[in-house]
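S.K.: Next comes the sequence, and after it the predicted model I'd like to discuss.
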Amino acid sequence: MPRRPDSNALRLLRDQAPAETPQSLIASARRHAPAASVITAYPIEPVYERTAGGNTRRRSSWRGDSIVAAAERLNGTEDRGGRQTPRRRKRQAEKWQDEVWGLRDESPEMRFLGDRKARAAAQCRIYIGHHEAGDVGDPARVTEGVVGELAQQLFGNLPDVEQKLKRYVQQIEYTGESIINTRNDEAHPGRLVWSVHSSTELLGSQAGQYQITDGVTPRKVDDANEILARSWTPHPKLAALADAPVRALLPVLRELVQMTKYVGAQIDSKLASGGGLLLVTQDVEILNKDGEKVDFATELAEYMMTAIEDRSSAESLAPLVASVPRIEGVALSDLIHLQTFSETLDPHMHERRAEAIRRIALGMDSDPGVLDGMGTSNHWSAWQVDESEVKLGINPIMTTFCHTMTAEVVRPLLAASGVENADEFSVWFDTSALKLRPDRSKDAQWAYQQGILSAEKTLIEAGFDTDDMPTDEERTGRVLRENLIALLSQFEQQP
């Protein structure tokens, strides 16, 4: 169990307001931020699983045996030789990252896997904990003093934090990086807020030029009173570049999207000319709805467009009628026939797309069985996340998030607030809400009947809340009814 911090270990400025106003707090925190990128490796706890043959094997993440997290301040100034100079970090979204967002919108399989992990990670509870060198286990949660107040400001609004975490995990999962912006809350002066942005939403390439946009209205970043931090998974070749499992899947995703478009084009072509072309003699002419002769090419184009735009139209099934010259000596039965243009759908396209989906399932840092071999799963059970996925898929991303918030936001703010041991505090996460609890309702009911389990605990194990327990009045009324029924039964049995 992690050691709980005592009042002496915290050494906080308790019962005192911060020495600086919130606005100047961020400006002061910039002086305590790291001067360069902070790249840290955290070991991954091994996960073992059983194979089809009953053997046990170690399951690995695409990240390997460690979590490599990187954080970097993008704006403001940094300490260079004792002088505060503007940061010279340049940042622009990579081309493959923009392509990933487009492919995500067109690939439901990739969207499902990435968003599934983001929904799960959003249920983690974020807090600021205390730990010293040599401590074992998770940091002990701090709820008092300057640290507790900062934790409440940043992570106290649970619905808001869940939405931000979901967006952060989506960005890390798809593009390998996210931008975290911390600033003063304009609606509540004296408080801090933070937001999550994709690299595409960050406009500008260096400090002093940055703007953040939501796709409609850009907002200039105030370097003096805002913290702009980049959080990313470094590429093993060049650490400054972002890496993500989707990056290796780009060729497969392009192939899957193109195959889907090809099938759609075949269906549209089949619908457009599904009725075919009926060739007859010149005695039959093409007439419009007003009874006038019309040009064959114009009528054919209008006929095909109607079939595409309105697939319920009879024209998508009825053939277009056109006339041909009479030929002496040729029977009418040879001149009048139905000509079709549509081709049958590619019979092997289903196999090709299934193979591409299988490769996507293997390439994403999730259990491939979520997309493959789910014959015994339904739509809702497919969203469940087991323990191995939490350790190998969710924990690494949450560790990267906590690393960035610790190094670039929380510790500099605590140091600026006068906390002497700011380096002993870290942002951390709790995954208890993700653990699937076994059904122990029957065991709880048996224990209650044996008198070894409380009524409150029995309700909780059965999925109820203690507020569902009957009131004293309800208990009294129930006992009176049971006694009355027992008395009436005795009277009825008497001769």
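M.R.: Structure's in. What do you need? Numbering: from 1, shown residues only.

S.K.: contacts, neighbours, all on C-alpha from now
M.R.: Noted.

S.K.: residues in contact with stretch 172-184?
M.R.: With contacts defined as C-alpha atoms under 8 Å, 6 or more residues apart in numbering, stretch 172-184 is touched by 22-23, 26, 97, 100-101, 114, 168, 171, 190-199, 202, 225-234, 242-247, 397, 409.

S.K.: Show the buried residues in those residues.
M.R.: Buried residues within these, counting neighbours by 16 or more other C-alpha atoms under 10 Å: 22-23, 26, 97, 100-101, 114, 168, 171, 191-192, 194-199, 202, 225-234, 242-247, 397, 409.

S.K.: and these, which of them are in helices?
M.R.: Mapping the buried ones among the contacts of stretch 172-184 onto helices (DSSP state H) picks out 22-23, 26, 97, 100-101, 114, 168, 171, 245-247, 397.

S.K.: So what does residue 129 have for phi and psi?
M.R.: phi -120, psi 160 (degrees, to the nearest 10).

S.K.: okay, it: pLDDT?
M.R.: pLDDT recorded at residue 129 is 94.

S.K.: What about residue 113, how many residues nearby?
M.R.: 21 (other C-alpha atoms under 10 Å).

S.K.: same check, this time on residue 145
M.R.: What residue 145 shows, counting by other C-alpha under 10 Å, is a neighbour count of 18.

S.K.: What's the separation between it and residue 215?
M.R.: Look at residue 145 and residue 215: by C-alpha to C-alpha, to the nearest Å, they are 39 Å apart.

S.K.: what does stretch 445-464 contact?
M.R.: Here stretch 445-464 has contacts from 439-441, 444, 465-466, 469, using C-alpha under 8 Å, 6+ apart.

S.K.: Among those residues, which pair sits farthest apart?
M.R.: Distances among the contacts of stretch 445-464 were taken as C-alpha to C-alpha; the most separated pair is 439 and 469, at 20.2 Å.

S.K.: re earlier: same list, the contacts of stretch 445-464, but as JSON lines with secondary structure please.
M.R.: Listed next are the contacts of stretch 445-464 as JSON lines, based on DSSP: H, G, I helix; E, B strand; the rest coil:
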{"residue": "439", "secondary structure": "coil"}
{"residue": "440", "secondary structure": "coil"}
{"residue": "441", "secondary structure": "helix"}
{"residue": "444", "secondary structure": "helix"}
{"residue": "465", "secondary structure": "coil"}
{"residue": "466", "secondary structure": "helix"}
{"residue": "469", "secondary structure": "coil"}
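
S.K.: Please pick the buried ones from these.
M.R.: 441, 444.

S.K.: any idea which of the contacts of stretch 445-464 is least confident?
M.R.: Comparing the contacts of stretch 445-464 by pLDDT, residue 439 comes last, at 65.

S.K.: Can you show me the CA trace of the helix or strand hosting residue 399 as PDB?
M.R.: In this structure, residue 399 sits in helix 395-405 according to DSSP states H and E. What follows is helix 395-405, C-alpha atoms only, in PDB (Å, rounded to 0.1, in the frame of the first residue of the first chain):
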ATOM      1  CA  ASN A 395      -2.300   2.800 -18.900                       C
ATOM      2  CA  PRO A 396       0.400   3.800 -21.400                       C
ATOM      3  CA  ILE A 397      -1.700   6.700 -22.700                       C
ATOM      4  CA  MET A 398      -2.800   7.800 -19.300                       C
ATOM      5  CA  THR A 399       0.800   7.700 -18.100                       C
ATOM      6  CA  THR A 400       1.800  10.100 -21.000                       C
ATOM      7  CA  PHE A 401      -1.000  12.400 -20.000                       C
ATOM      8  CA  CYS A 402       0.000  12.500 -16.300                       C
ATOM      9  CA  HIS A 403       3.700  13.000 -17.300                       C
ATOM     10  CA  THR A 404       2.800  16.100 -19.300                       C
ATOM     11  CA  MET A 405       0.500  17.600 -16.700                       C
END
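
S.K.: which element follows that helix toward the C-terminus?
M.R.: helix 411-416.

S.K.: Which secondary structure elements does that following helix sit against?
M.R.: Counting contacts by 3 or more C-alpha pairs under 8 Å, 6 or more residues apart in numbering; DSSP states H and E, helix 411-416 packs against helix 22-29.

S.K.: Now do the helix it packs on, average pLDDT.
M.R.: Helix 22-29 comes out at a mean pLDDT of 67.

S.K.: One more: stretch 145-163?
M.R.: 93.

S.K.: Okay, buried residues for that stretch please.
M.R.: 145-148, 150-151, 154-156, 161-163.

S.K.: for stretch 405-418, same thing?
M.R.: Buried residues in stretch 405-418, counted by 16+ other C-alpha under 10 Å: 405-418.

S.K.: between the residues you listed, which is closest to residue 119?
M.R.: Looking across the buried residues of stretch 405-418 and measuring by C-alpha to C-alpha, the closest to residue 119 is residue 405, at 20.1 Å.

S.K.: SS state for the nearest residue to the closest one once chain neighbours are set aside?
M.R.: Nearest residue to residue 405 in three dimensions, chain neighbours excluded: residue 427, at 6.5 Å (C-alpha to C-alpha, 6 or more residues apart in numbering). Following three-state DSSP, the label given to residue 427 is strand.

S.K.: got a list of what residue 427 touches?
M.R.: Contacts of residue 427 by C-alpha under 8 Å, 6+ apart are 126-129, 402-403, 405-406, 410.

S.K.: let's see 10 Å
M.R.: 126-130, 139, 141, 151, 399, 401-407, 409-411 (C-alpha atoms under 10 Å, 6 or more residues apart in numbering).

S.K.: now it: how far from residue 445?
M.R.: For residue 427, the distance to residue 445 - C-alpha to C-alpha - is 40 Å.

S.K.: go on, residue 188?
M.R.: 49 Å.

S.K.: ok, the two, which is more surrounded?
M.R.: More neighbours surround residue 445 than the other of residue 188 and residue 445, with 19 against 9 (other C-alpha under 10 Å).

S.K.: phi, psi of the more buried one?
M.R.: According to degrees, to the nearest 10, residue 445 has phi -70, psi -40.

S.K.: and the helix holding residue 399, what does it pack onto?
M.R.: Helix 395-405 sits against strand 38-43, strand 66-73, helix 108-121, strand 125-130, helix 158-175, strand 177-184, strand 226-232, strand 425-430, with contacts defined as 3 or more C-alpha pairs under 10 Å, 6 or more residues apart in numbering; DSSP states H and E.
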